[in-house]
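Visitor: Let me see the structure of the following:
(chains A and B)
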Amino acid sequence: MSGTRVYIGHPGPGVKVTAEALVAADNFSARYDLDLTKGIVSRPQHKLAGQSYVGKILILNIAKGGVASAWMLRDMVLSGRTPKALILNFANPIMAQGAAFADLPLIDRFDVDITAAIKSGETVTVDPAAGTLTVTT
Amino acid sequence: MKLDDHQQAMLAGAEGPARRAAMEQIVKVGRFFDADDCVAISQVHLMADPEALGPSGVDYLESLAVMPLAERRVRVPSITDPRGVDFAAYKRLGQTDAMADLERRATAAFEALGFMMTNTCINYQSVIPPVLGEHIAFGDTGSSIYANSVLGARTNFEGGPSALAAALTGYTPRYGYHLDARRRGTTHFEITTHPKDLAEWGALGGLVGRAMRSYWEVPVLSGIAGPVTSDEIKQFGAALASFGSTPLFHMIGITPEAPNFAAVFDGPVPAATKIGRADIDRLMDSYRPKDDKLDVVVFAAPQLSLFEMRTLADHLNGRRINPNVALLATTSPDIKSACDRMGITGSIEDAGGMVLSGVCFYQMYARDIGEANGWKRLMSNSAKLVNILGGYGYEPILDSMSACVESAIAGRIVGAKS
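Guide: Numbers count the residues shown, from 1 in each chain, chains lettered A, B, ... in the order given. The predicted model follows:
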């Protein structure tokens, strides 16, 4: 199994998915950081500003900011302009509530800094029921 | 996660699909945070502006609203956060009929569920403030942090779907800030200056918020000389919750769970990070642009209290706002009615300002109305608003209410130091 790395976090909502990772050590709020119509990160100071998160495994540090994300994640999923999964070092209740409502795969609380462990462009399999991220290189 | 017989029955669908979906939401979130069981809550404050809801969210609410009355009515007093459209003003602001239609549909659905449309984020000042130890489900970061910290009530940030679940069942998962252990202080800040005005209280909240590493961190502030007013601590908390993701703080000698260090820290008091005058000045200066162009002045986030509205009216009374600059103030419908009666609205409107009712600037399609009106340079005394709008295409500036008003009248930025 050389070339495979597994990271273990806390199980969360959603089904198993595989996609390319989009990673930054920045924090995350759907309302403050994203342009949901264009499907890009819009906050100018964000490291991923201008980049599309659509179809990616979005890996960021912690959930920040307001409560609107709880509604917005489901609208994002239904619109199709959505990341395939959201991976955070620490989710807050808003992200957990939003992911539960949207059935968006979410895992957090790893034993490593997950934003340092995974590089953008790597292929990652997210298994929310098991709470695992598997990287195949 | 343990459920009692009533909760099990709701989860099994015995009380209809709305309460079943609500219990499913509660169980999913409870499991994610390893909750042992549910806690009964006494009131719900729900955030669900139409921009956040989106058409799909409104469709969802309408699907609940057509269910039989016994299956859809809320189980505890349930009130609403600011809406996205003030029907008396939306056309002047460049909002569209599509936005207004979505607002009408959402409001009708909430009314069918039994929500009381208070449309305010300062319910702790204007509706029913909860009391020490009361378990509640509040859904605005500003109302949550105030209820937890200043009043000693107990809530997590309950985003719309979870606040709705709490309203339909009367319960929320028992985790986070419902638990004694989670309410202990984790980080210590020593404040070596005293904020001069509401903008600086917000700046202080922003500085603490930026230092927060997760939702679970509880900052403890020492060195602040009391007394502190409701509006000051409201601006502080709203900014802290916005820059961070923080639902609880303690202020030694000021907030009810923090009479002294021993009450909030287990063991020795952690070494303090000092925050002083230079830190506040640096945060405020970081928003100051190179030139003095100004498009709009906004007082919002949180909505203004009756006292703030009075102060604003006194600043503007008998004066005239520059025609090239817009000035908006948002407050709750109840406070707006009081302001109408007391001549406060008249003073602001006679000067050329707009008083908006039941909305808050960043919850009313701020990006769209900025584009519709050509607003980019925005000045406010709310650190929370300034923090949010950076992501919405604005160039926001933070300064005192008086500096904001003087700038609106001059038609260009004239800071407190000018």
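Visitor: hmm, stretch B:18-34 in reach of chain A?
Guide: Yes. Remark: stretch B:18-34 sits within contact range of chain A at B:25, B:28-29, B:31-33, by Cβ under 8 Å from any Cβ of the partner chain. Bear in mind the C-beta positions are built from the backbone N, C-alpha and C, glycine included.
Visitor: Give me the contact list for the helix or strand bottoming out on mean pLDDT in chain A.
Guide: Across the helices and strands of chain A, the lowest-confidence element by mean pLDDT, DSSP states H and E is helix A:30-33, at a mean of 77. Residues external to helix A:30-33 that are found in contact with it (Cβ atoms under 8 Å, 6 or more residues apart in numbering or on different chains): A:36, A:41-43, A:46, A:64-66, A:68-69, A:72-73, A:76, A:98, B:52, B:387-388, B:390-391.
Visitor: Partner strands of the next helix-or-strand element following that helix and their direction?
Guide: On the C-terminal side of helix A:30-33, the nearest following helix or strand under DSSP states H and E is strand A:34-35. For strand A:34-35, the pairing partners within the sheet under DSSP bridges are strand A:40-41 (antiparallel).
Visitor: Run through the residues of chain A sitting next to chain B.
Guide: Within chain A, the positions near chain B by Cβ under 8 Å from any Cβ are A:10-13, A:31-33, A:36, A:42-45, A:62-72, A:74-75, A:78-79, A:89-94, A:96-98, A:100-101, A:106.
Visitor: Now, these that are in strands?
Guide: Residues from those lying in strands, with DSSP state E as the criterion: A:62, A:89-90, A:106.
Visitor: Tell me the one among these nearest to chain B.
Guide: Checking those against chain B by Cβ to the nearest Cβ gives A:Phe90 as the nearest, at 4.1 Å.
Visitor: Roughly how far does that closest one sit from B:Ala258?
Guide: Distance, A:Phe90 to B:Ala258, by Cβ to Cβ, to the nearest Å: 24 Å.
Visitor: Please name the residues that touch whichever residue of chain B sits closest to chain A.
Guide: Among residues of chain B, the one nearest chain A by Cβ to the nearest Cβ turns out to be B:Gly159. It sits 2.3 Å away. By Cβ under 8 Å, 6+ apart, B:Gly159 lies in contact with A:67-71, A:93-94, A:97-98, B:47, B:139.
Visitor: Can you lay out those residues as JSON lines showing distance to B:Met10, neighbour count and pLDDT?
Guide: Output for the contacts of B:Gly159, formatted as JSON lines (distance: Cβ to Cβ, whole Å; neighbours: other Cβ atoms under 10 Å in any protein chain shown; pLDDT from 0 to 100):
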{"residue": "A:Val67", "distance to B:Met10": "24", "neighbour count": "33", "pLDDT": "85"}
{"residue": "A:Ala68", "distance to B:Met10": "27", "neighbour count": "27", "pLDDT": "85"}
{"residue": "A:Ser69", "distance to B:Met10": "26", "neighbour count": "29", "pLDDT": "85"}
{"residue": "A:Ala70", "distance to B:Met10": "21", "neighbour count": "33", "pLDDT": "90"}
{"residue": "A:Trp71", "distance to B:Met10": "22", "neighbour count": "31", "pLDDT": "91"}
{"residue": "A:Pro93", "distance to B:Met10": "21", "neighbour count": "29", "pLDDT": "94"}
{"residue": "A:Ile94", "distance to B:Met10": "23", "neighbour count": "34", "pLDDT": "92"}
{"residue": "A:Gln97", "distance to B:Met10": "18", "neighbour count": "33", "pLDDT": "96"}
{"residue": "A:Gly98", "distance to B:Met10": "22", "neighbour count": "32", "pLDDT": "95"}
{"residue": "B:Met47", "distance to B:Met10": "23", "neighbour count": "28", "pLDDT": "96"}
{"residue": "B:Gly139", "distance to B:Met10": "20", "neighbour count": "33", "pLDDT": "94"}
